[in-house]
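**Student:** kindly return the folded structure for what I paste below:
(chains A and B)
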Amino acid sequence: MAAYVELNRVSYRYPGATRTLKEIDLTIPAGESTAVFGASGSGKSTLAYLFNGLIPHFFGGLLEGTVVVAGNPTRNTMVSELFSHVGLVLQNTDAQLFNATVEDDVAFGLESLGYPAIDIRKRTHRISDALGITHLLHRSPETLSGGEKRLAAIATVLCLDPALLVLDEPFAGLDHRGTRIVSDLLRQIQRHGKNLILIEHRTKPFFTEADRCIIIDQGAVSFDGKPAEASGVLLDSHLMPRYPERSIRTRSRSDEPVLVIKDLSCRIEGRDVLNDISLSLTRGEAVAIVGENGAGKTTLIKHFNGLYQPTTGEVSFKGRCIRSLHPSARAVAVGVCFQNPNDQFFEADVRKEILAGPKRLGKYDRKWFEQICDTLCLHLLLDRSPYRLSEGEKRRVALASILVMRPEVLVLDEPTAGQDGRFKEILVHICGSISAMGTAMVVVTHDLDFARASADRWVVMHAGRIAGDGAPEEMRQKHLSILDNATDRPPRSVAGCV
Amino acid sequence: MANLDPRTRLAFLAAAVGAVLVTRRPETLAAESLLLLGGVVLLKADRRLGHLRHLFGPMIALVFVTGLVFFDLQTALTLAARLFNLLAVSFVCFQTIDPEEMAGALQKLGIPFGLVFILSAGLRYVPLIGRKIRNILDAQQARGIDLRPRIKNISNFAALLTPLVVQAFVLSDELALAMESRGFGCKNRSSRRTYSLRPIDYILMGASLGGLCLLAWWERG
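**Tutor:** All right, here's what the predicted structure looks like:
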């Protein structure tokens, strides 16, 4: 089969940085689908930027070797000439969808190519219809759900009918429903003979359907072969996490509840987001809150530390209404580590970042700080800028900045999002250590494997209510339809559009 | 109004802004205010304008107080009324012309695509920045950094501004990547929107220009 992409002894260095890619040799025949895995910072996204000429034309830097795409050496071919052959879908859909409406975004590439207005309208509507997003065309991307954004982002490049589609972490932030919809779409695209290159941390979706699997380790290809042969390598390199067996801690009647939520309802902008939520947490308990996107999980945890006021009902910490506490006291009672660690960082180094809260409240405890740094392996990072850390390191620093306040309840919001298997294993261990200290742990997650490894109890949420509350296996079996979203409709056929 | 070419609606906007700026007499300003409020009611946008009172109100009050302190009551009232009219004109404009139409109209008028894109990207990302601000406030409050609007919390506002600015820079980098990957810099770019001026558009544009000139002459008299 003719090669569509050829990389010949390719090495690359960003301006002012060390080599990110090292001596890569790769030939991708036409029509092949390839899954690319690697740890955070291994060079996966950098590899993606080679295919459409962003490297070297946009990033500069030092490119050695040759990259040829559809017969065009990318060193001599500008991005504006390559983008109709290679569609790149970025991980950040807020950056990918940069126009005021979805229709403007889908049409943008066609306008760049100078298509007449009538053809642009025809193609835009055809691809939107095929992907089931026609009803979204007049909406702002800001109003879309994660799965809708991902479909719209794919539509922005699919309408150009490129022969090669490169997707950087297409399943990031998606629940099972969103993951299934995107996987189904990719399978259809694959069946129509397009080249697909999927770059991911999450090994489960689409893995077995790919024709080929490549693993990147520290900028070099460490595995290149069939997916069936890759599983062992993925496990050995901890890209697929290996979780230890968990001995479930059951609640006893004598366990005093630390946090009690009673008959909580929340109405936001005229919409009932939460309805009649009641649950309690005891010391040392580890709970996972699971459910699809939009079920109300994040809204619920924002009530735990008093960020939100319930419309009805109450949240009490050790018998006192959480909202009656001063904001600084709430942070000591219930610590919440939100999904994006970058929302927290404002100091010059990690040490100051972690101690920002305690020093403001006059609660600095050196021994406790040292213990946190030991538990989270942060000693070597203390003098570094938090902005220059890897995603896993950032997550640990963000967690430390909450733990250092000594909360009695700790809530983690999607702690595994965008993280590789190695970090997930470390996080399970960290969660265990924190629970052993007597802190009640709550993890909000889509990752059911992680939820099973880190929690003794699952609270299943659906449409703003608690659908189930109990042991993980029992919840898994009882609420399969909620957790696996079995009732979804995949996109219609993309035949004729690809 | 919706059937008019967006360039015609832009011409109305320009004429309306010009009319507010050339008006000197208080009675004319008052008449303009009434006309604009009538327009808001006709568009059934009075509630939306009401929601903006927290934004518009302090601005108008500040201008009034400044005028009163440094000049006199009549000047203060004139300045406040003029500001209200300008804000009302822009409010009415955005109710009748959506951002994509405005971008298309500006392009048709020969404004370079890059400049037009700045306007539409700004409108796209303002709500996103608002969301980021809320996320940062929640994240910092969760670790005991008080960012409620109090005098004693002023020193804490670096905890809001720093992550916001950093994330804005990161987003702009990724945005540039996305734009380049979809041929932003291509020459001979086309547009999915087609506009054509009809005789009624020319008549109305002429009428708004004529009305502005008449008002300017009237005010000078």
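**Student:** now residue B:81: closest residue in space that isn't a chain neighbour?
**Tutor:** Spatially, and ignoring its direct neighbours in sequence, residue B:81 is nearest to residue B:29 (4.3 Å; Cβ to Cβ, 6 or more residues apart in numbering or on different chains). For every residue, glycine as well, the C-beta is placed using N, CA and C.
**Student:** same question for residue B:65.
**Tutor:** Spatial nearest neighbour of residue B:65, excluding adjacent residues (Cβ to Cβ, 6+ apart): residue B:76 at 7.5 Å.
**Student:** tell me which helix or strand comes right after the helix or strand where the one you found lies.
**Tutor:** Taking DSSP states H and E as the definition, residue B:76 sits inside helix B:73-96. Scanning forward in sequence from helix B:73-96 by DSSP H and E, the next helix or strand is helix B:99-108.
**Student:** hang on, the residue nearest to residue B:65 packs against residue B:61?
**Tutor:** No: assessed by Cβ atoms under 8 Å, residue B:76 is found out of contact with residue B:61, at 10.5 Å.
**Student:** compare these two (neighbour count), which wins?
**Tutor:** A count of neighbours by other Cβ atoms under 10 Å in any protein chain shown puts residue B:76 above the other of residue B:76 and residue B:61, at 18 against 11.
**Student:** quick one: the more buried one from residue B:68, how far?
**Tutor:** From residue B:76 over to residue B:68 the distance is 4 Å, taken as Cβ to Cβ, to the nearest Å.
**Student:** now the helix or strand bottoming out on mean pLDDT in chain B: buried residues?
**Tutor:** Here the helix or strand of chain B ranked lowest by mean pLDDT, DSSP states H and E is helix B:46-51, holding a mean of 76. Of the residues in helix B:46-51, residue B:49 count as buried by neighbour count, 16 or more other Cβ atoms under 10 Å in any protein chain shown.
**Student:** how many neighbours does the one residue in the stretch 51-200 of chain A that gets nearest to chain B have?
**Tutor:** Of all residues in the stretch 51-200 of chain A, residue A:112 sits closest to chain B, at 3.0 Å by Cβ to the nearest Cβ. Counted by other Cβ under 10 Å, the residues lying close to residue A:112 total 22.
**Student:** check residue B:198 too.
**Tutor:** Residue B:198 sits with 12 neighbouring residues when counted by other Cβ under 10 Å.
**Student:** quick one: contacts for it?
**Tutor:** By Cβ atoms under 8 Å, 6 or more residues apart in numbering or on different chains, the contact set of residue B:198 is residue B:5.
**Student:** what helices or strands is the helix ranked longest in chain B leaning on?
**Tutor:** The longest helix of chain B (DSSP state H) is helix B:113-141. When contacts are defined as 3 or more Cβ pairs under 8 Å, 6 or more residues apart in numbering or on different chains; DSSP states H and E, helix B:113-141 packs onto helix B:99-108, helix B:158-181.
**Student:** and the first one, what does it pack onto?
**Tutor:** This points to helix B:99-108. Applying 3+ Cβ pairs under 8 Å, 6+ apart, one finds that helix B:99-108 contacts helix B:6-22, helix B:113-141.
**Student:** identify the bridge partners of the nearest residue to residue A:475 once chain neighbours are set aside.
**Tutor:** Residue nearest to residue A:475 in three dimensions, not counting chain neighbours: residue A:458, with 4.1 Å by Cβ to Cβ, 6+ apart. Beta-bridge pairing of residue A:458 under DSSP bridges involves residue A:288, residue A:470.
**Student:** how close does residue A:458 sit to residue A:469?
**Tutor:** Counting by Cβ to Cβ, the separation of residue A:458 from residue A:469 is 7 Å.
**Student:** before we move on, what about residue A:358?
**Tutor:** Residue A:358 sits 34 Å away from residue A:469, going by Cβ to Cβ.
**Student:** with residue A:170 instead?
**Tutor:** Applying Cβ to Cβ, the value for residue A:170 to residue A:469 is 33 Å.
**Student:** repeat that for residue B:173.
**Tutor:** Where residue A:469 is concerned, residue B:173 sits at a distance of 43 Å (Cβ to Cβ).
**Student:** what about those two, which has more around it?
**Tutor:** Each of residue B:173 and residue A:469 has its neighbours counted (other Cβ under 10 Å); residue A:469 has more, 16 against 11.
**Student:** now do the same contact list for that one.
**Tutor:** A:279, A:457, A:458, A:459, A:460, A:475.
**Student:** where does pLDDT dip in chain A?
**Tutor:** A:1-2, A:205, A:247-254, A:485-498 (pLDDT under 70).
**Student:** middle-most residue in chain B, spatially?
**Tutor:** What sits nearest the mean C-alpha location of chain B, by Cα atoms, centre = their mean, is residue B:90, with 5.4 Å.
**Student:** for that residue, give me the pLDDT.
**Tutor:** Model confidence at residue B:90, given as pLDDT, is 87.
**Student:** hmm, back to that, next, show the common contact partners of residue A:458 and residue A:469.
**Tutor:** Shared contacts of residue A:458 and residue A:469 (Cβ under 8 Å, 6+ apart): residue A:475.
**Student:** any idea how far apart the tips of stretch A:381-401 sit?
**Tutor:** Terminal residues of stretch A:381-401 are spaced 13 Å apart (Cα to Cα, to the nearest Å).
**Student:** buried sites along that stretch?
**Tutor:** Buried-residue list, stretch A:381-401, by 16+ other Cβ under 10 Å: A:381, A:384, A:386, A:389, A:391-401.
**Student:** likewise for stretch B:156-173?
**Tutor:** Judged by neighbour count (16+ other Cβ under 10 Å), stretch B:156-173 contains these buried residues: B:156, B:159, B:160, B:162, B:163, B:164, B:167, B:171.
**Student:** near chain B, which residues of the stretch 251-400 of chain A?
**Tutor:** Within the stretch 251-400 of chain A, the residues that sit near chain B (Cβ under 8 Å from any Cβ of the partner chain) are A:302, A:305, A:307, A:327-328, A:331-332, A:335-338, A:340, A:342-346, A:356-358, A:360-361, A:387.
**Student:** give the PyMOL command for selecting the buried subset of the residues you listed.
**Tutor:** With 16+ other Cβ under 10 Å as the criterion, this PyMOL line picks the buried residues out of those:
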select buried, chain A and resi 302+305+307+327+328+331+332+335+336+337+338+340+342+343+344+345+346+356+357+358+360+361
